[in-house]
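Peer 1: coordinates for the following, if possible.
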Amino acid sequence: MAADKDASNNEKHGQLHRPSLHDTQPLYVDRKSYVKPPDGGFGWVIVMAVWVDNVLCIGMLKSMGVLFPALKAYFNEGAAAISWINSISLSMRATAAPLSAALSNRFGERRVVGVGGIMVFVGMVISVFATTPYYLYLSLGCISGLGFALASLPALTMIGRYFNKKRSLANGLSRSGGGGIFFLAPVLQMLIEAYGWQGCLLVIAALELHLCAVALLLRPVRLKSELEFDPSQTLSRHGSVIPGHVPAGGFQKGYLARRAISAQEQQEKFNTEMEDRVKEYGITESLIVENFPRIEPVYNVKKTRILDFSLLKDPSWMVITFNLVICQMGYSLTLVHIVARARLLGVGEYQAPLLLSCIGLSEIIAQLSSGAFADRGYVKRIHLHSMYQFIMCLATIYSLFCTTFLSLIIYCVLFGCGSGSWQGNILPITIDTLGLTQLRSAYGFCLFFSGTCGQLIGPPIAGALFDATQSYTTSFILASCCFFTASISLFLEPMASNYMKRKRASPEKSPKKTMVDITQSQTINILKQEMQHHA
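Peer 2: Residues are numbered from 1 along each chain as shown. Below is the predicted model:
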């Protein structure tokens, strides 16, 4: 009964032609509407909500480096020990990404983001009572870090679900919130001076509660990519025309003999073409929708796993993940130690945080402009990704020769242009490479490995190198090597993509295997009778 109501709804909403998986008209399955990514409308509200989410998650995490000198002085610990605090919180956001993806698949983005906001608040508040940096490893690093993971990833994937043609622009607009470091870094410095690092954390905790309001705006959308055409059910439900005996010859000649010869020849030509098409490809959605108006296509919701571990065997995913891991390592150690390095070079305590502001402002501008450019399609997104990382490499090499505040500002502007463009392009190239259906799992696993292998160990390594050499030169040389390696690694992606295409095109993956309940001769006979009725 539900299928009949869905069919009538589909006919009602199909004004000029019946809706399918490939047009913009909604499909109704079990009384639920499935659509293409809207590319606008309420999607712009989603962009605004995700922008605020990025300010409170990514922007705040980037700005936490301002606390580094205050925490180092308060606990009287070395740079490596204090670096672990920010490193754990940064890496936890990525390490817990698969958990965030699984919860989103099970409960939806809205609930997960709300719970994440509460966890960030709780972690910030209890951090005020810390007496050792090890306490902050748990409170600020693990609890707030896990909250950032739950609040960040689901919001980011909403952009991919609401946008297709304007995906890079929408992602750039929303990701520009991560450039909130532009105004957050100076504000945090003033809060530290006025209230100490404990009072600063309490103010931050109050701000993070706004993530619960953001969660309310994340209205879920069901996509047509979550549906699949079921050829067996389509013909089985059309059972009134299934004969008890199927002629061995398939289409019989002469059943249009009373018509004109030209009409008969035209019909027979169509019969032959259709029969060849069925034998080669099986029953496809386009064949039914375009040629047989009395047969109502049946769609099923794809069975998806909470986490799709098969991605771990996909070479395209491996290339994208390695690229993200190695680039995140260089990026995280740069952000965490740029203020401390500037102070070591003699830059004032109020001027040094402005360097993070320069990076943040440059990232905002870069994300907006690069997103609009990428959507025009002049250059493939994956080639742009490699270019952005090479710019980060060149900027970091230039920083090795910087000794004045002005030269460091120039470095931060150049670095921010590259890093902002790179960040705004991560989600689009993940979708381009691995598809929208697997986005939550694919992006979750990518962030997991970037957190455990990139963000977690990057800042402590830089801190250990500083403790050994009393200089950040070696650390920034390491960062430039990371960016260069990431840039050239993307040349492996075309080979990985071609391998997967050949694997999917292998005989065992042929569409003809989808026919299970009805034999090919029965299928052809059903379609023959439909053409006779339509004629």
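
Peer 1: just the pLDDT at the residue positioned nearest the centre of the chain, thanks.
Peer 2: Residue closest to the mean C-alpha point of the chain, counted by CA atoms, centre = their mean, is residue 427 at 4.0 Å. In this model, residue 427 is scored at 82, pLDDT.

Peer 1: state the helix or strand in which it lies.
Peer 2: In the assignment (DSSP states H and E), residue 427 maps to helix 405-434.

Peer 1: which residues of the stretch 251-400 of the chain score low on pLDDT?
Peer 2: For the stretch 251-400 of the chain, the stretches with pLDDT under 70 are 251-283, 287, 289-294, 304.

Peer 1: how does it look with 80?
Peer 2: Low-confidence segments of the stretch 251-400 of the chain, defined by pLDDT under 80: 251-308, 336, 349-350, 353, 372, 377.

Peer 1: which parts of it are helices?
Peer 2: Assigned by DSSP state H, counting those that start in this stretch, the helices in the stretch 251-400 of the chain fall at 261-281, 285-291, 315-344, 352-375, 381-399.

Peer 1: ok so, going back, the helix holding residue 427 packs against which elements?
Peer 2: Counting contacts by 3 or more CB pairs under 8 Å, 6 or more residues apart in numbering; DSSP states H and E, helix 405-434 packs against helix 144-162, helix 167-175, helix 315-344, helix 352-375, helix 381-399, helix 439-450. All C-beta spots, glycine's among them, are computed from the backbone N, C-alpha and C.

Peer 1: as a markdown table, the ones you listed with distance to residue 191 and mean neighbour count would be great.
Peer 2: Listed next are those as a markdown table, based on distance: least, CB to CB, whole Å; neighbours: other CB atoms under 10 Å:
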| stretch | distance to residue 191 | mean neighbour count |
| --- | --- | --- |
| helix 144-162 | 17 | 27 |
| helix 167-175 | 25 | 26 |
| helix 315-344 | 15 | 24 |
| helix 352-375 | 11 | 23 |
| helix 381-399 | 28 | 21 |
| helix 439-450 | 29 | 25 |
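
Peer 1: for those helices, give me a markdown table that also has distance to residue 307.
Peer 2: Converted to a markdown table, these look like this (distance: least, CB to CB, whole Å):
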| stretch | distance to residue 307 |
| --- | --- |
| helix 144-162 | 13 |
| helix 167-175 | 23 |
| helix 315-344 | 13 |
| helix 352-375 | 29 |
| helix 381-399 | 25 |
| helix 439-450 | 5 |
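
Peer 1: to residue 208, which of the ones you listed lies closest?
Peer 2: helix 144-162 (7.8 Å; CB to CB).

Peer 1: quick check: angle from the closest one to helix 167-175?
Peer 2: 150 degrees (axes from the mean of the first three to the mean of the last three CA atoms, to 10 degrees).

Peer 1: for helix 144-162, give the mean pLDDT please.
Peer 2: Mean predicted confidence for helix 144-162 is 89.

Peer 1: and if you look at stretch 54-68?
Peer 2: pLDDT averaged over stretch 54-68 gives 86.

Peer 1: quick one: end-to-end length of that stretch, please.
Peer 2: Distance between the two ends of stretch 54-68: 22 Å, counting by CA to CA, to the nearest Å.

Peer 1: go on, stretch 373-385?
Peer 2: Per CA to CA, stretch 373-385 runs 13 Å from first to last residue.

Peer 1: please apply the same query to stretch 74-81.
Peer 2: Termini of stretch 74-81 sit 13 Å apart (CA to CA).

Peer 1: in it, what's buried?
Peer 2: 74, 75, 77, 79, 80, 81 (16 or more other CB atoms under 10 Å).

Peer 1: of all those, which comes closest to residue 404?
Peer 2: Nearest to residue 404 among the buried residues of stretch 74-81, with distances taken as CB to CB, is residue 79, at 22.9 Å.

Peer 1: and stretch 122-137, what's buried?
Peer 2: Buried positions in stretch 122-137, judged by neighbour count with 16+ other CB under 10 Å: 122, 123, 124, 125, 126, 127, 130, 133, 135, 136, 137.
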